[in-house]
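> Could you work out the structure for the sequence below:
(one chain, ligands or ions: 1)
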Amino acid sequence: MGAMLPRSPLPRRVAATALATLGVAAPAVAQPTPAHAVIPAPVSISVEAGRFFVVDANTHVSHAAGADTVVARLARTTSAMLAQGGGPGVRTVAEGASPAPGAIHLALAAERRFGAEGYELTVQPTRVTITAATHAGLFFGMQTLRQLLPWSVEHPGALRRGLRIPVATVRDAPRFAWRGLMLDVARHFLPVSDVKRFVDHMALYKLNRLHLHLADDQGWRIEIAGRPELTTIGGSTQVGGGPGGHWTQAEYRDLVAYAAARFITVVPEIDMPGHTNAARASIGALNCDGKRVPLYTGTRVDLGNVCLTSDTTYAVIGDVLRQLAAMTPGPWLHVGGDEVKGFTRAQYHGFIERVQDTVHAAGKRMIGWGEIATAKLDTTTISQVWIKDSSAVHVRRGGKVIMSFAERAYLDMKYDSSTVTGLLWAGAVSLPRSYDWDPATLRPGIPESAILGVEGPLWAETVTRAAEFEFQAFPRLIALAEVGWSPQAGRRFADFAARLAEHGPRLQALGVNFYRAPEVDWAPSSGRRARAVP
Ligand code: TNX
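Next comes the predicted model:
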């Protein structure tokens, strides 16, 4: 058996020397091999060296006999994780509270200490148990289990031989409820299949909000019944003049369900009153002169606003928000509100307040970028911090914020001046910059109690296809996942980097096009182990 198990790593220095002979620069300081490589770091984890639960012919995934259909589905997902790629199948069985030896047991327990997303995972040589109060908690526990397994579980072609899980005890729950990614499919369109891949990878890192920027100057990406021009015209192009595209409502619903199955809530955004050129190119009556504007495929942001005095403006907004609400089970609609020029403050505030009423009438809560905070907002409305904006005004009235401060959280910034895609207006955002900050002390007037969580926006002026989106997101999104989940007190970049290095081959097995950030000693793992599947 032993020969089939993962070999212990070569000393880092040996690997670094081998790389140097290949002309590859290796970091000067060797990283210690971490005790585990779980990201985001759990609240508490202890791993016993040298003792394992071994996945073999005895192994089965079990759940309580009376468990609901979601628990049963999660058990099947766990078994698929162990068996995919042609290894012997792993049985899924219902059994009592004391599962037989060899069980990976999923159990719901209505205990307050777990919270809405927490879990406990214990790995003993004879059984593994994941316990949580909610399905989401079980799912997050499964992701920790996944990361305790060798990366070959991610590899579609790998045989599941001698998989072993170190004996461990994990107690875990997130610091923040909101751990998000925003994809801008307006500037460059992505088909739903590409977005689903992002959903898959978000799940691995316990992210739970997918904000979709569905309309901007350069494109309108979601079918609206009764307003076909929005997509036939507004969806017909993108930055650079390519063909663009849009999602049908059926495709959107399918994506929402796919995300929900991974405990990720979709938050749709239609940006307004600015960033609306694609809509104004589609429907003339959104403009005060009644004429359609030309489509726009550049990257300026000052193209004007919808007409405040046109009834059509509010009729279209009503149709759009009602239809989005109907196909979005999550409680939020994002209405943008950023970078508006050409309105007085009173006009802007009046517009935002009217839109807020429309969102409420559609049964949802409103989210907008920080500029909205000076309008009269309901305390259920959420202000998303992106620059030194007015979000603190909303905090003073008792409102909550999402932290997406560009200098730390923007995934569309370049990593450094030499990376090709990305912008630089908020400065380069290196991996340490995206990791090494505390949401609770970043902005004056915004304490921890006002922060729902963190979200990384991936604007798409410069990224044209999924591989480029991925390059901007990974590994910074993984850093943000840890910022949003793990206790601040235990977070150190060096420790994160050592664990992240172990994710190189995992990301490679998943086919993720990630940036080999120079602050991480990727080489020992990804260079050596990628050649042979453990
Ligand atoms: C500012 S962030 C914008 C976006 C751009 C982004 C580029 C925000 C609310 N507005 O329209 O895509 O900068 O980084």
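
> residues contacting residue 390?
By CB atoms under 8 Å, 6 or more residues apart in numbering, the contact set of residue 390 is 370, 371, 372, 373, 374, 383. Backbone N, C-alpha and C define where each C-beta goes, glycine included.

> Export those as a markdown table, with columns for secondary structure.
Formatted as a markdown table, those follow (DSSP: H, G, I helix; E, B strand; the rest coil):
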| residue | secondary structure |
| --- | --- |
| 370 | helix |
| 371 | helix |
| 372 | helix |
| 373 | helix |
| 374 | helix |
| 383 | strand |
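
> Let's see if you can find the most crowded of the residues you listed.
For the contacts of residue 390, the largest number of neighbours (other CB atoms under 10 Å) sits with residue 372, at 31 neighbours.

> What does the pLDDT read for it?
With respect to pLDDT, residue 372 scores 98.

> hang on, it packs against residue 383?
Yes: the pair residue 372 / residue 383 is scored as a contact, 6.2 Å apart, by CB atoms under 8 Å.

> anything in contact with each of these two?
390, 394.

> Among the contacts of residue 390, which one sits closest to residue 98?
residue 383 (49.7 Å; CB to CB).

> now residue 48, what's its secondary structure?
Three-state assignment for residue 48 (three-state DSSP): strand.

> Just give the nearest non-adjacent residue to residue 466, would you?
In space, and not counting its chain neighbours, residue 466 is closest to residue 194: 4.0 Å by CB to CB, 6 or more residues apart in numbering.

> tell me which strands and helices the helix or strand harbouring that neighbour is in contact with?
Element membership for residue 194, per DSSP states H and E: helix 192-204. In this structure, helix 192-204 packs against helix 135-148, strand 178-184, strand 209-213, helix 249-260, helix 466-473, with contacts taken as 3 or more CB pairs under 8 Å, 6 or more residues apart in numbering; DSSP states H and E.

> so what pLDDT did residue 253 get?
pLDDT, residue 253: 98.

> That one is in contact with residue 329, isn't it?
No: between residue 253 and residue 329 there is no contact under CB under 8 Å: 9.5 Å.

> which one of those two has more residues nearby?
Legend: neighbour count by other CB under 10 Å for residue 253 and residue 329, higher for residue 253 (16 against 12).

> what residues are up against the more buried one?
residue 327.

> One more: residue 461?
So residue 461 contacts 187, 188, 239, 299, 412, 423 (CB under 8 Å, 6+ apart).

> if we go to 7 Å?
187, 239, 299, 423 (CB atoms under 7 Å, 6 or more residues apart in numbering).

> How about stretch 303-321 and the ligand, touching?
No: using CB under 6 Å from any ligand atom, stretch 303-321 never reaches the ligand; the gap is at least 11.0 Å.

> Flag every buried residue along that stretch.
Using 16 or more other CB atoms under 10 Å as the test for burial, stretch 303-321 gives 303, 304, 305, 306, 307, 310, 313, 316, 317, 320, 321.

> Next: stretch 218-235.
Buried residues in stretch 218-235, counted by 16+ other CB under 10 Å: 218-224, 227, 229-231, 233-235.

> on that earlier part again, which one of the buried residues of stretch 303-321 is nearest to the ligand?
Closest approach to the ligand among those (CB to the nearest ligand atom): residue 303, at 11.0 Å.

> pretty sure the closest one contacts residue 218?
No: the pair residue 303 / residue 218 is not scored as a contact, 9.5 Å apart, by CB atoms under 7 Å.

> Just say helix, strand or coil for the nearest residue to residue 464 once chain neighbours are set aside.
Spatially, and ignoring its direct neighbours in sequence, residue 464 is nearest to residue 188 (5.2 Å; CB to CB, 6+ apart). Using three-state DSSP, the three-state assignment for residue 188 comes out as coil.

> how many neighbours does residue 188 have?
Per other CB under 10 Å, the neighbour tally for residue 188 reads 25.

> Residue 237 is in contact with that one, correct?
No: with contacts counted by CB under 7 Å, residue 188 stays clear of residue 237, the gap being 10.6 Å.

> Please identify the pairing partners of the helix or strand residue 121 falls within and their relative orientation?
Using DSSP H and E, residue 121 sits in strand 119-123. If you go by DSSP bridges, strand 119-123 pairs up with strand 128-132 (antiparallel), strand 164-172 (antiparallel).

> List the contacts of it.
53, 129-132, 137-138, 140-141, 144-145, 148, 165-172.

> Only whichever of those residues are buried, select them in PyMOL.
Buried members of the contacts of strand 119-123, defined by 16+ other CB under 10 Å, are picked up in PyMOL with:
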select buried, resi 53+129+130+131+132+137+138+140+141+144+145+148+165+166+167+168+170+171+172
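
> did I read that right, residue 270 in a strand?
Yes: counting by three-state DSSP, residue 270 is found in a strand.

> Please tell me how far it sits from the ligand.
When distance is defined by CB to the nearest ligand atom, to the nearest Å, residue 270 is 13 Å away from the ligand.

> Any figure for the gap between the residue lying closest to that residue once chain neighbours are set aside and the ligand?
Spatial nearest neighbour of residue 270, excluding adjacent residues (CB to CB, 6+ apart): residue 215 at 4.8 Å. The spacing between residue 215 and the ligand, counted by CB to the nearest ligand atom, is 11 Å.

> Number the chain from 261, please
All set: I'll call the first residue 261, so the last point we hit is now residue 475.

> what's the helix or strand for residue 312?
If you go by DSSP H and E, residue 312 is part of strand 304-314.

> Can you list the neighbours in contact with that strand?
295-296, 298, 383-385, 388, 422, 424-431.

> from what I can see residue 494 touches residue 538, true?
Yes: using CB under 7 Å, residue 494 is in contact with residue 538, at 3.8 Å.

> Name the residues contacting each of these two.
With contacts taken as CB under 7 Å, 6+ apart, residue 494 and residue 538 have 479, 480 as neighbours in common.

> quick one: which of the buried residues of stretch 478-495 is nearest the ligand?
residue 478 (9.9 Å).

> ok, that closest one - contacts?
446, 447, 498, 499, 538, 556, 557.

> roughly how far apart are it and residue 598?
Plainly put, residue 478 is 15 Å away from residue 598 if you go by CB to CB, to the nearest Å.

> which parts of the stretch 511-660 of the chain sit against the ligand?
For the stretch 511-660 of the chain, the residues in contact with the ligand under the definition CB under 6 Å from any ligand atom are 561, 598, 599, 629, 646.

> Pick out the one among the residues you listed with the largest number of neighbours.
When neighbours are counted by other CB under 10 Å, residue 629 leads those with 27 neighbours.

> how about the spatially closest residue to that residue that is not a sequence neighbour, secondary structure?
Nearest non-adjacent residue to residue 629, counting by CB to CB, 6+ apart: residue 598, 3.8 Å away. The three-state label given to residue 598 by three-state DSSP is coil.

> Residue 598 contacts residue 631, doesn't it?
Yes: using CB under 7 Å, residue 598 is in contact with residue 631, at 5.5 Å.

> What confidence value was assigned to residue 788?
39.

> likewise residue 761?
pLDDT at residue 761 comes out at 96.

> right, and it touches residue 777 too?
No: because the distance of 10.1 Å does not satisfy CB under 7 Å, residue 761 is recorded as not touching residue 777.

> picking that back up, which one of the strands paired with strand 379-383 lies nearest to the ligand?
strand 424-432 (31.8 Å).

> what angle sits between the closest one and strand 304-314?
Per axes from the mean of the first three to the mean of the last three CA atoms, to 10 degrees, the angle that strand 424-432 makes with strand 304-314 is 150 degrees.
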